[in-house]
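J.: model this:
(one chain, ligands or ions: 1)
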Amino acid sequence: MDVELTDQYRPGAFLFATPERALLADQPRHVLSEKDSDALSVQVSDALAEYGGIAVGALPYDNTGEAHVLLPTSVTWSGPIRPGTHQAALPPGHQVTPEPLPQEYERQVAKALTLLETGELGKVVLARTLRIDLDGPVDMRRVLASLAAMNTHGYTVATPLPTPGVTLVSASPELLVRRTGTEFVSRPLAGSQPRGKDPVEDRANAQRLLASRKDHDEHRWVVEAEVEALRPFCRRLDVPRTPSLLSTPSVWHLATKITGELADPAVTALTLAAALHPTPAVCGSPTSAARGAIAQLESFDRGFYTGAVGWVDAAGDGEWAVAIRSADVTDRSLRLYAGAGIVDGSVPGLELAETSAKFQTLLRGMGLDLTL
Ligand SMILES: C=C(O[C@H]1C=CC=C(C(=O)O)[C@@H]1O)C(=O)O
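T.: Predicted coordinates for the structure are as follows:
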């Protein structure tokens, strides 16, 4: 029987599985923790020019915070992880603590709606967290195998974080950027509906999303900001006029596949990721006002949730996913994060339900049956 890369994962390693291939990287010779994204790109390119290979890791939500990028000495590529059985990957006993409480999250959304009325803010993404304390240790190999089995159309990621013993685990559906030679692709997501309980309800939810002006507005902010960030790098930029539907096992999204050709082949995947980050899919618009609203309303530090996670090689090729549908995982705890874009027309109770649906991505993927 072939062994999947999820079976070879060891704590502290970096796993990045996509529908096309999987990467397992380990035993770092260097850790780069630069705060400035331009300086980070230069340091990573210099290190890759010296040692070759690839650099892997994560950028935090706060793009003035320290990145955590590693130069591994052991790198293994494989084809996509084959869908296996998705199994209960966590010990049975657990205690769940939401932060903020659901009613408080609804109050924060209501406050965000009043900030939108001032006209200085067009969109803000507000998140909440669930802390889950487990009665036994997490088996990361089973967690990753189980997530990959469920998440065959998205990314299954594990990356070590700067705090020893903490791993960011993500089942992200969102491609921030992939660069191959001078071509690149980005596929922002914004605008969501939970999946239905049966095919009829599911189809109706998808149609409601396609017809929702509020969700199209929420999506447009992201596409416009990405176009503005990418344009200076491009010889060609192709942007579909309207978004299409994308489904994950728990959520429907509006998605736009943006493609382009770089004017300067020296621009790397990491430089593009840093130029795009944080998009209004995870922060809001305008960025500085949204960042201020998040600092004012959210009561926790996002850390690397809504950051970016991926790899870049010496030629500048690479792939970076948006770090959403994610949790900070320790030996006996998980901290899950989920956010929703708030625009004019958002309803607090529906945004709460949307974040609950987003939590289910990881919960179901890990085999945890929780009604939120
Ligand atoms: C911020 C998250 O999702 C983003 C990505 C897709 C759709 C989103 C939305 O509809 O609000 C969010 O912008 C999250 O999953 O925590």
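
J.: Can you name the residues of the stretch 51-200 of the chain that neighbour the ligand?
T.: Taking CB under 6 Å from any ligand atom as the contact definition, the stretch 51-200 of the chain meets the ligand at 125, 127, 174, 189-192. The way it works is simple: take the backbone N, C-alpha and C, and place the C-beta from them, glycine included.

J.: mind giving me JSON lines with the residues you listed and columns for pLDDT, distance to Pro160 and neighbour count?
T.: Supplementary listing: these in JSON lines, determined by pLDDT from 0 to 100; distance: CB to CB, whole Å; neighbours: other CB atoms under 10 Å:
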{"residue": "Val125", "pLDDT": "98", "distance to Pro160": "25", "neighbour count": "27"}
{"residue": "Ala127", "pLDDT": "98", "distance to Pro160": "22", "neighbour count": "23"}
{"residue": "Glu174", "pLDDT": "98", "distance to Pro160": "21", "neighbour count": "26"}
{"residue": "Leu189", "pLDDT": "98", "distance to Pro160": "26", "neighbour count": "25"}
{"residue": "Ala190", "pLDDT": "96", "distance to Pro160": "29", "neighbour count": "28"}
{"residue": "Gly191", "pLDDT": "96", "distance to Pro160": "32", "neighbour count": "24"}
{"residue": "Ser192", "pLDDT": "95", "distance to Pro160": "29", "neighbour count": "26"}
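
J.: Which ones among the residues you listed map onto strands?
T.: With strands defined by DSSP state E, the entries of those inside them are 125, 127, 189-192.

J.: before we move on, back to that, which pair of the residues of the stretch 51-200 of the chain next to the ligand spans the longest distance?
T.: Looking at those by CB to CB, the two members farthest from one another are Ala127 and Gly191, with 16.5 Å of separation.

J.: continuing past the strand or helix carrying Thr129, what's the next helix or strand?
T.: Thr129 belongs to strand 123-134 when elements are defined using DSSP states H and E. Using DSSP H and E, the next helix or strand after strand 123-134 towards the C-terminus is helix 140-150.

J.: Now that following helix: average pLDDT?
T.: Within the predicted structure, the mean pLDDT of helix 140-150 is 92.

J.: Also stretch 328-343?
T.: Stretch 328-343 comes out with an average pLDDT of 97.

J.: and the most centrally placed residue in the chain, what does it touch?
T.: The chain has Ala323 as the residue nearest its centroid, 2.4 Å off, counting by CA atoms, centre = their mean. The contact partners of Ala323, by CB atoms under 8 Å, 6 or more residues apart in numbering, come to 58, 157, 168, 170, 172, 304-309.

J.: can you give me the helices in this protein?
T.: For the chain, helices defined by DSSP state H occupy the ranges 5-8, 37-51, 102-117, 140-150, 199-211, 213-230, 269-276, 287-297, 348-365.

J.: Need those helices in a markdown table (columns: distance to Asp62 and mean neighbour count).
T.: Compiled in a markdown table, the helices of the chain are given as follows (distance: least, CB to CB, whole Å; neighbours: other CB atoms under 10 Å):
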| stretch | distance to Asp62 | mean neighbour count |
| --- | --- | --- |
| helix 5-8 | 30 | 19 |
| helix 37-51 | 11 | 16 |
| helix 102-117 | 19 | 17 |
| helix 140-150 | 26 | 23 |
| helix 199-211 | 30 | 14 |
| helix 213-230 | 17 | 20 |
| helix 269-276 | 13 | 24 |
| helix 287-297 | 8 | 18 |
| helix 348-365 | 21 | 21 |
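
J.: wait, which of the ones you listed is closest to Arg131?
T.: For those, distance to Arg131 was read as CB to CB. The smallest value, 11.8 Å, belongs to helix 348-365.

J.: ok, and what's touching stretch 128-141?
T.: The contact list for stretch 128-141, computed with CB under 8 Å, 6+ apart, reads 6-7, 9, 11, 89-100, 102, 105, 158, 167, 169, 300, 329-339, 355, 359, 368, 372.

J.: Measure how far it is from the centre of its chain, please.
T.: Here stretch 128-141 is found 19 Å from its chain centre; the criterion is CA atoms, centre = their mean, to the nearest Å.

J.: That one spans what distance, first to last residue?
T.: Terminal residues of stretch 128-141 are spaced 27 Å apart (CA to CA, to the nearest Å).

J.: How about the residues of the stretch 201-350 of the chain by the ligand?
T.: By CB under 6 Å from any ligand atom, the residues of the stretch 201-350 of the chain that approach the ligand are 253, 281-282, 324-325, 338-341.

J.: Can you name the residues that contact the closest residue to Leu147 other than its chain neighbours?
T.: Setting aside the residues directly before and after it, Leu147 is nearest to Gly365 in space (CB to CB, 6 or more residues apart in numbering), at 4.2 Å. Counting by CB under 8 Å, 6+ apart, Gly365 makes contact with 86, 146-147, 150-151, 171, 249.

J.: Turn those residues into JSON lines, columns for distance to Val42.
T.: JSON lines is the format used below for the contacts of Gly365 (distance: CB to CB, whole Å):
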{"residue": "His86", "distance to Val42": "42"}
{"residue": "Ser146", "distance to Val42": "39"}
{"residue": "Leu147", "distance to Val42": "34"}
{"residue": "Met150", "distance to Val42": "38"}
{"residue": "Asn151", "distance to Val42": "34"}
{"residue": "Ala171", "distance to Val42": "32"}
{"residue": "Pro249", "distance to Val42": "40"}
